[in-house]
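A.B. asks: coords below, sequence missing:
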Ligand SMILES: Nc1ncnc2c1ncn2[C@@H]1O[C@H](COP(=O)(O)OP(=O)(O)OP(=O)(O)O)[C@@H](O)[C@H]1O
Ligand SMILES: Nc1ncnc2c1ncn2[C@@H]1O[C@H](COP(=O)(O)OP(=O)(O)OP(=O)(O)O)[C@@H](O)[C@H]1O
Ligand SMILES: [Mg+2]
Ligand SMILES: [Mg+2]
């Protein structure tokens, strides 16, 4: 399955750069589409917005990009309120809190605005559909397999997460723990879940603490971009035998990826944020045009994206979601090609 | 014999409470000992090196903050300045506009000094209250950091050789890491300047009695301006430093950490109303904070409770300081014969 | 009876107090009007209905402005209010989810805030040597830390039943209830600070704490009361914030303390105590709110908005200072 | 040889709303001590500041050794050999005595300050003043009088040709003043010219060669001190005759009002007992640091006594804070009026009514017009030289500030005991006699009055009874009839003072 994901994503990489041709019946002319990311100043969020904007403008629509000044729910609430005032046709949002946006998003839907979310979902009552970057289960499985593979199947390992409250991270960690119950992983011992709060200094402190606390540690898994690069640096600088995997940005991690002793991270995963943005854009257009209602079983065209047409499926929280694809593996063979993309 | 023991005890007690630095040092030692018992690896050389390196930025900025607080001002824009300077340098490396490490530091320090000069001019020559100017600066420079970043980060790969600075120890004769050498150097320089130069003493004079300083012929506005420039310069320099330490430049670098810097100074006995405080105090305050940050994950406190414990320890340390000070005053009074 | 030398002292205030038209408040009113015109020009969506609908989130921050102004007048500072909001919001959400009626939930939120404020006040009045900055910095970490512990690993709580809180977010015509409450509290806080002995004692303490103490003002009691009120107001802010967010998380109330301080100092309240009027703070709050809403509606980059606010903050104080300096220079030159 | 080292002509200085100096002139000869006298607010301090360049005159010329000079700031004056001790201490409370002395003329070597040398040098300047503290002591821990000595040492250390002392004796008792006189005489012998401002006539007659008088911002004249009589002098200063300098009316002394028993506070005073009767004026005197201020502050709840009782009309009081004392009817006029007595930024009217706002308000709101009326009445009662009740306290001269503090106390009209700590410190003759008059009137009205004072004439003239303190203990009690200067001085020094250098700063602020 890892192989298939790789071909999928590399295909997507090309399409993300290539112009996406207009799809009949999916025109967005005269309509306004807004995207609200988690926060400003993060290249990952920027790439999502970029993909979104690309498609909307391609389809003749007007695109509004909003990055909140801080990754908080109430900054997003102000942005949603402002978008309602501007009478946009759709809002695509990466939620900083599952529930906190409910009141504003329902207000938006009442005003006739189509609401979808991507990257990080809201609860089912405050969205029509969720564009999921990769199934939570799949991410858990991929990360767990990586830990198994890198450790050689047995030994101590630890997780370095963002904040203890980060929704995505918690979901993926839960998924990993579920996977770990399988007998294959019985010799793996998860010693601790540490939190670096997505701050380089704290992540560094936490990584160093893990290393001194658990001398037999074999693998560290960090499903967060700030955490993984801080940890990678600590391990690589120390020339530690502990190896690292997780979810990270290729541009940030390029210096640490490699299988030899000089590199701390043999491989890691992520999806393509540009494609995630693109798929969100197509979803929004379809919602606005009425070709998509967000009910399970709906299908819709997403230009010449790889998995198009996409299908709406049931999400674990009782709402519906659209899954972009499986996570993509970055290793020494492909990292140079990707590090300049995002 | 029996008579002498209490006498001796008392003098030891007096020695401990006589100066704030000594009692803080004691707090630090007790803290380290307690942590050392819980986790023996805490007191290893390499761990201590890591503590110093990870907190170099806070420790160095505490020096600038010391000067600012001494004049009776406050500067909460420093972390924004740091981010602006660090981000700019990061982007310069990323786009291969510069390659030299020294130039990187120079540019960062220059940007920082410029930011400091803007705030300093508003405060010293424009009569703006320091908290207002600094708050404005905090918004402006952080905003500029975001604009410079243009939604990009500079990672280890983009920074190239710049990241080597924090790894090597060529300044420390191959024994001590560069970052630690720089930190020590800063402390030595500030110690000398604040204790043995006219400029240093005029900083104290301004904070202690502004009108008197003006009457004594000290160029109050000029000194105050320079203090903010120095603070900015250090913050800018720390921007580059934190980029090499963490091999990453992000526009939200050290967001909110200005409070840690101020806390370090206040724990170290620097008065927030100006005039009193020492380099040694700032050092000890910063070290106590660093040790707490380092120790919390190490001694196995539940991740979710770490912040609470940190807050409680800071509060306990400052209250302890007050209590020992009161006891010391009390014992001084009791020795006064009437 | 005049003194022995027959000198009389005038009680006419004309020469010694500036009229409204040369006051900072007047400048702020002008600025407020100018900014509204400016926003109206740049965005056709800048209508009363939209502005009032977008306002509640900012309005609830104004609950913090009033007591923060008092604290600044005292020459103190409280940076734990944001964290107090977080803790109160968390506790009231849990209370609501535990099935308490809305009245009780509001009370619980207020009491939580009050407790936080009282703890600040207690520490500061027992250990008077400690600067408020460091004490409230540590309690800020502690309160948010406790909220984190209560919230648990999810880091967020949402209301099971939103009906009670929705009622709080209700409207009279275009105006949310919140608007009236803010207005009423604004008037109360302004009158108390300007017209009552208690208000005068705030200014006295902020101007010269020692002289106030010698004059029989119970300095520490006043400080304790003000810090407690601040906590309670943070609780109120939390309750109304919850009525728009339907929940709480670990970032709730982030940065509110700085917003409140910025509004107050922009309104002319001195950060070192003893100077300024609450009315100025209230006008400046509305200036900032309108500017944020207006610029948000043309989708300006929030970082640029921050830069504009920063420049506004500094230049608002700098500009009059410079103009008086220039005037003085001219006078000196003219004399020579 | 009557060569003028310093000459000023036609100096005019205008503050917003006040003409502080109106075409005044002044001459200073080499090696003379020249007293400058005048009422509070006559412009003496302002004149000094014009000389040293702190303030800039609107009009007028200044000649130094015959050459016209124009100082841009105090540094210029310093460089030209003029050193000044200002009326309101310009010290650095957080710095050491050495640093205070050497601020801005430090001893340096290779750009680094030489602390050892400076400490040794500082000790040299302090020794002749009989200073009982070390140069490394922190300035803020010293008493007002000790700080005054440091200021004087600082001026001497500048090796100035012209030295200006603005009310240097205000905080000093007779003993310390005498030491200062000797130093001045020594400097004079070395050819230093000295300008000396004081409200004490004994200072003037003791050391000054000539005296210049200012009145209402104007120059009145310059006289040889041995040619002008006390009464003439007063007339020049005040513009009218003051018949009775110490107007003490005969009052009927009633029953005991305040009784203090065995009051102690560790490190400050022990076993202090005294009583005051209605209509009686009781003085407390002693050397600097005898503990008088501390005792009275403990009585009034500013600080807390460790043991002892305070009884009012036979009932024991539990006083925890100043407002308890005020409620009971005891009020204190603090010694340090700038720090503890006034809010300098405020108008004087607001200062007067601060303690009585609750009485002035109806339904919680302050009655502004009544407030203005009350403050005006009391300010006029003490004859404050001010234009308006809105005038900020900071712009008043020292003596007038003191009157505002007195007015503030009088405004609290239900008092039984009034404790005045150095009420005439820095107050001019005219105002002094007015304050004495007020004191007398109050005593006549049945108030019990406690006066802390270091000025022998007023103690001898005004008090019904005198307590002397030394080293934190009451060392004697004298009746008006028995009191003589010698007896008082003897009792004041009956026991070696404690004066350790480990004095400490007490945070009275906030309790
Ligand atoms: N900074 C100032 N602003 C406004 N008015 C001032 C200022 N300083 C002094 N004055 C006014 O100038 C006049 C002279 O004051 P000055 O302090 O020189 O008097 P003085 O003779 O020294 O009195 P004293 O004996 O009480 O010290 C007073 O009326 C005072 O109110
Ligand atoms: N501000 C101060 N800070 C620290 N110690 C002080 C201070 N003022 C006085 N002291 C000390 O307290 C003791 C009692 O001083 P206090 O002022 O009560 O004496 P006093 O008789 O009133 O003298 P003075 O004539 O100076 O007013 C002395 O030892 C003195 O050194
Ligand atoms: Mg004077
Ligand atoms: Mg005294």
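C.D. replies: Cool, the structure landed. These figures come from a predicted structure and were not determined experimentally. Ligands and ions are numbered 1, 2, ... in the order given.
A.B. asks: contacts, neighbours, all on C-alpha from now
C.D. replies: Fine.
A.B. asks: tell me the contacts of residue D:126?
C.D. replies: Taking CA atoms under 8 Å, 6 or more residues apart in numbering or on different chains as the definition of contact, the neighbours of residue D:126 are D:149, D:150, D:153.
A.B. asks: now those as TSV including pLDDT, secondary structure and distance to residue A:178?
C.D. replies: Compiled in TSV, the contacts of residue D:126 are given as follows (pLDDT from 0 to 100; DSSP: H, G, I helix; E, B strand; the rest coil; distance: CA to CA, whole Å):
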residue	pLDDT	secondary structure	distance to residue A:178
D:149	83	helix	80
D:150	89	helix	77
D:153	89	helix	81
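A.B. asks: turn the residues you listed into JSON lines, including neighbour count.
C.D. replies: What follows is these, written out as JSON lines (neighbours: other CA atoms under 10 Å in any protein chain shown):
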{"residue": "D:149", "neighbour count": "22"}
{"residue": "D:150", "neighbour count": "27"}
{"residue": "D:153", "neighbour count": "26"}
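A.B. asks: which one of these sits closest to ligand 2?
C.D. replies: residue D:149 (11.9 Å; CA to the nearest ligand atom).
A.B. asks: would you double-check that residue D:83 falls in a strand?
C.D. replies: Yes. Going by DSSP: H, G, I helix; E, B strand; the rest coil, the assignment for residue D:83 places it inside a strand.
A.B. asks: burial of it, as a residue count?
C.D. replies: Using other CA atoms under 10 Å in any protein chain shown as the criterion, residue D:83 is surrounded by 26 other residues.
A.B. asks: tell me the contacts of it?
C.D. replies: If you count contacts by CA under 8 Å, 6+ apart, residue D:83 has them with D:77, D:155, D:156, D:158, D:160, D:161, D:162, D:163, D:164.
A.B. asks: which residues in the stretch 251-400 of chain D form helices?
C.D. replies: For the stretch 251-400 of chain D, applying DSSP state H, counting those that start in this stretch gives helices covering D:292-299, D:322-328, D:348-353, D:368-381, D:398-411.
A.B. asks: kindly indicate which of the contacts of residue D:126 lies nearest chain A.
C.D. replies: Minimum separation from chain A among the contacts of residue D:126 (CA to the nearest CA) is found for residue D:150, which lies at 49.7 Å.
A.B. asks: that closest one reaches residue D:101, doesn't it?
C.D. replies: Yes. Contact status for residue D:150 versus residue D:101: in contact at 6.8 Å, counting by CA atoms under 8 Å.
A.B. asks: close to ligand 1: what parts of the stretch 351-500 of chain D are there?
C.D. replies: Remark: the part of the stretch 351-500 of chain D in contact with ligand 1 comprises D:395, D:396, D:397, D:398, D:399, using CA under 6 Å from any ligand atom.
A.B. asks: any chance of those residues in TSV with pLDDT as columns?
C.D. replies: As requested, these are arranged in TSV below (pLDDT from 0 to 100):
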residue	pLDDT
D:395	86
D:396	86
D:397	79
D:398	76
D:399	78
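A.B. asks: may I ask which of the residues you listed has the most neighbours?
C.D. replies: Within these, most neighbours by other CA under 10 Å means residue D:399, with 23 neighbours.
A.B. asks: measure that residue to residue D:422 for me?
C.D. replies: Separation of residue D:399 from residue D:422 (CA to CA, to the nearest Å): 12 Å.
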